[in-house]
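**Student:** coords please:
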Amino acid sequence: MNRQTLKSDSLLLLTSAIWGFAFVAQRVGMDYVGPFLFNGVRFALGSLVLLPLILKNGIQQSTPTGNLPRTNTRTLIFGGTLLGIAVFAAASMQQVGLVTTTAGNAGFITGLYVVIVPILGLFWGQHPNAGTWIGALLAAIGLYFLSVTHELTISYGDLLELIGAFLWAVQIHIVGWLSPKTDPLKLAFVEFLVCSFLSLIAAFIIEKIVLQGLVQAAVPILYGGVLSVGVAFTLQVVAQRNAHPAHAAIIFSLESVFAAFGGWLLLHETISPRGLAGCIFMLSGMLLSQLYGLLTVVLIAGLKTPLKTNQPNRKIPKSARKLKKMY
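**Tutor:** Presented below is the predicted three-dimensional model:
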């Protein structure tokens, strides 16, 4: 492993850990403030963290990659608003769910978006590979073990987390559609502002806001806003420039593991043997869904490798290129 790859992997691991432990911060925050107020302040802080980066890198080009087209203001506002609504819906489900479920359960169930994203791609004419369907089956089995009781019921909190996972998958598809059209940092800035605005409106309508509660929840909110939303997002943008796709898939899947570990370490949460088996199934499904296409490309390319090693410019088979694009 070269030095650049090690640096990228280390940043991705740090990002995954920050996101995983954010479930702990979000869970603790619910002891002092309502879920909508928590998200409103959290995403406002996240947008403020991104603002200096946008200003530092210039008005027209704020991404570290330096190769995006000129930002269209109309696309930026429309896309950022659309994404903000999607994040508001997903984050609200996640945060309300955390009132009655554990950080570990929330982390693993939210992580199912990895499996859901390619399945939702069917609505956009995409065709998931076999690994996606096998991964979805493993994830469904894991969800059953983790969340479904012997009476075939699921807790309210876990159900909200599952709905949130679907909404996060929708948000990722919107990001995939918009990211080639505009600057990702500016897009995230507008996205976070819209989510914060909608969350604060919901908080003022639904929740009882007490200043003392905000003071008591200051540390979890700062963690969720500054570290989880602002810093981790920036680290992801920087790290994925040179990250190996397989490494990124595996490391990001560890977010749910960090969530469960953080819940155990800081909140003294426990997982039953049945729930632990469910976590293993779910993690296996996530990894298979992410890595199947890449592994197939490597396998096909390896089978097509000529016995003579002095043949230059060997092309990847057409089928392998298709799988690579799907991955």
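
**Student:** and residue 212, how many neighbours?
**Tutor:** Counted with other CB atoms under 10 Å, residues neighbouring residue 212 total 9. From N, CA and C alone the C-beta is placed, and that goes for glycine too.

**Student:** The one 4 residues further on now?
**Tutor:** Other residues within reach of residue 216 by the criterion other CB under 10 Å amount to 16.

**Student:** pretty sure it contacts residue 32?
**Tutor:** Yes. Under the criterion of CB atoms under 8 Å, residue 216 makes contact with residue 32 at 4.2 Å.

**Student:** Can you tell me how far residue 31 is from residue 251?
**Tutor:** Using CB to CB, to the nearest Å, residue 31 is found at 30 Å from residue 251.

**Student:** now swap in residue 111 and tell me
**Tutor:** For residue 111 relative to residue 251 (CB to CB), the value is 13 Å.

**Student:** same question, residue 120
**Tutor:** Distance from residue 120 to residue 251, by CB to CB: 23 Å.

**Student:** repeat for residue 23
**Tutor:** For residue 23, the distance to residue 251 - CB to CB - is 17 Å.

**Student:** Give me the more crowded residue out of these two.
**Tutor:** More crowded of residue 23 and residue 251, by other CB under 10 Å: residue 23, with 31 against 22.

**Student:** In this structure that one contacts residue 101, no?
**Tutor:** No. Using CB under 8 Å, residue 23 makes no contact with residue 101, being 9.9 Å away.

**Student:** Quick check: residue 161 touching residue 97?
**Tutor:** Yes. The pair residue 161 and residue 97 passes the contact test of CB under 8 Å, sitting 4.3 Å apart.

**Student:** overlap in contacts of those two?
**Tutor:** residue 106 (CB atoms under 8 Å, 6 or more residues apart in numbering).

**Student:** Between those two, which has more neighbouring residues?
**Tutor:** Between residue 161 and residue 97, counting by other CB under 10 Å, residue 161 is the more crowded of the two (30 against 25).

**Student:** OK, contacts around the more buried one?
**Tutor:** By CB under 8 Å, 6+ apart, the contact set of residue 161 is 93, 94, 97, 98, 101, 105, 106, 109, 110.

**Student:** For the fourth one, give me the pLDDT.
**Tutor:** On the pLDDT scale, residue 98 is placed at 96.

**Student:** Show the contacting residues for it.
**Tutor:** By CB under 8 Å, 6+ apart, the neighbours of residue 98 are 23, 26, 27, 30, 35, 106, 157, 161.

**Student:** Now it. Its backbone dihedrals?
**Tutor:** Note on residue 98: its backbone torsions stand at phi -70, psi -10 [degrees, to the nearest 10].

**Student:** how close does it sit to residue 128?
**Tutor:** Remark: distance between residue 98 and residue 128 (CB to CB) = 30 Å.

**Student:** Same check on the last one?
**Tutor:** Relative to residue 128, residue 110 is positioned 20 Å away (CB to CB).

**Student:** Equivalent analysis for the fifth one, please.
**Tutor:** The span separating residue 101 from residue 128 equals 28 Å under the rule CB to CB.

**Student:** again with the third one
**Tutor:** Computed as CB to CB, the residue 97 to residue 128 distance reads 26 Å.

**Student:** was I right about residue 279 contacting residue 143?
**Tutor:** No. Residue 279 is beyond contact range of residue 143, at 10.0 Å (criterion: CB under 8 Å).

**Student:** Could I get the buried residue list for stretch 282-301?
**Tutor:** Buried residues in stretch 282-301, defined by neighbour count with 16 or more other CB atoms under 10 Å: 282-294, 296-297, 300.

**Student:** Could you identify the most distant pair in these?
**Tutor:** The most widely separated members of those are 282 and 300, with 28.0 Å between them, by CB to CB.

**Student:** where does the stretch 201-327 of the chain dip in pLDDT?
**Tutor:** 304-327 (pLDDT under 70).

**Student:** could you pull out the helices for it?
**Tutor:** Listed in chain order, the helices of the stretch 201-327 of the chain (DSSP state H, counting those that start in this stretch) span 211-216, 218-222, 232-239, 245-253, 255-267, 273-304, 318-326.

**Student:** who does the second one touch, helix- and strand-wise?
**Tutor:** Secondary structure elements in contact with helix 218-222, counted by 3 or more CB pairs under 8 Å, 6 or more residues apart in numbering; DSSP states H and E, are helix 3-29, helix 35-56.
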